[in-house]
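Undergrad: the sequence and its predicted three-dimensional model are supplied below.
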Amino acid sequence: MNTEGKVTYKYIVYIQFEESKKAYTFGSNVKYYTNDIVVVETVRGQELGKVCVPTVDFDASKVKGDIKPVLRKATPEDIKCKEENVERAKEAMKICHECVANLKLDMHLISSEYTLDRTKVIFTYVSDDRVDFRQLLKDLAQHLHCRIELRQVGPRNKAKIVGGIGNCGMECCCSRFMSDFDTVSINMAKTSCWH
């Protein structure tokens with residue numbers, strides 16, 4: 001801790017997650033090496049990530065705001081837990097599909113994922129309208145016994161998750177290399193239609 005009460009670290013560690021090619025910044029007092037699998041604290045909870053470049057000395061100018069910590073190098077138990085969570089997420093997805101159908105909600109589920117410590121399950125969905133999912137949250141909590149997060153995404157995020165083929169015949173840019181999606185205005189869409 002420094003004098004302002006903020007946590008300080010000796011190193012910056014750049015981490016990538018399975019679903020994204022983007023590198024995220026984490027803090028650590030231990031050096032990690034490229035391709036190390038580590039457990040990190042994120043806004044969603046504990047997750048496994050992969051170190052994508054060698055650890056560098058901490059430099060405040062390379063960090064925006066507070067950064068989360070690398071908790072430890074992943075153990076065989078962590079990796080086994082991640083694999084088990086993939087199977088649990090499939091079961092959670094079936095349960096969520098049933099609940100959505102029973103409540104006749106206008107939402108299309110895309111994916112489900114548990115945090116490493118299984119304290120939360122995150123469902124990603126697409127919907128054209130705003131969905132009142134208060135009852136859905138209650139129903140899911142009864143079945144799954146953990147915190148539930150429902151995350152609405154747009155069509156480009158959906159393409160990133162599920163993949164697809166673009167007009168050019170190649171894999172969609174959204175899933176191939178794009179990690180952030182800027183807003184597309186009506187004017188931009190009109191302009192691109194004429195080219």
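TA: Looks like it came in fine.
Undergrad: report pLDDT for M178.
TA: The confidence metric pLDDT takes the value 50 at M178.
Undergrad: err, R130, not the other one
TA: With respect to pLDDT, R130 scores 86.
Undergrad: for it, pull up the helix or strand it's in.
TA: Here R130, judged by DSSP states H and E, is contained in no helix and no strand.
Undergrad: next: L109.
TA: Assigned by DSSP H and E, L109 falls in strand 108-114.
Undergrad: centre of the chain to that strand, how far?
TA: From the chain centre to the centre of strand 108-114 is a distance of 11 Å (C-alpha atoms, centre = their mean, to the nearest Å).
Undergrad: which other helices and strands does the next helix or strand after that strand contact?
TA: Next along the chain after strand 108-114, taking DSSP H and E as the criterion, comes strand 120-126. Judged by 3 or more C-beta pairs under 8 Å, 6 or more residues apart in numbering; DSSP states H and E, strand 120-126 is in contact with helix 76-103, strand 108-114, strand 147-152, helix 155-162. Placement of C-beta: from N, CA and C, glycine included.
Undergrad: which residue packs closest to D57, ignoring adjacent ones?
TA: Y11 (6.3 Å; C-beta to C-beta, 6 or more residues apart in numbering).
Undergrad: give the contact list for that neighbour.
TA: Residues near Y11 by C-beta atoms under 8 Å, 6 or more residues apart in numbering: G27, S28, N29, V30, K31, Y32, T55, V56, D57, F58.
Undergrad: the first one contacts V7, doesn't it?
TA: Put plainly, it is G27. Yes - counting by C-beta atoms under 8 Å, G27 touches V7, with 7.0 Å between them.
Undergrad: these two: which is more packed in?
TA: G27 (20 against 12; other C-beta atoms under 10 Å).
Undergrad: just to revisit the earlier point, could you let me know which of the contacts of Y11 ends up closest to K90?
TA: Nearest to K90 among the contacts of Y11 is Y32, at 30.7 Å by C-beta to C-beta.
Undergrad: V38: neighbouring residues, count only.
TA: 21.
Undergrad: likewise for N85?
TA: By the criterion of other C-beta under 10 Å, N85 has 20 neighbours.
Undergrad: mutual contacts of G27 and V7, please.
TA: Going by C-beta under 8 Å, 6+ apart, residues that sit against G27 and also against V7 are P69.
Undergrad: is it correct that T119 is in contact with G45?
TA: Yes - in this structure T119 lies within contact range of G45 using C-beta under 8 Å: 5.8 Å.
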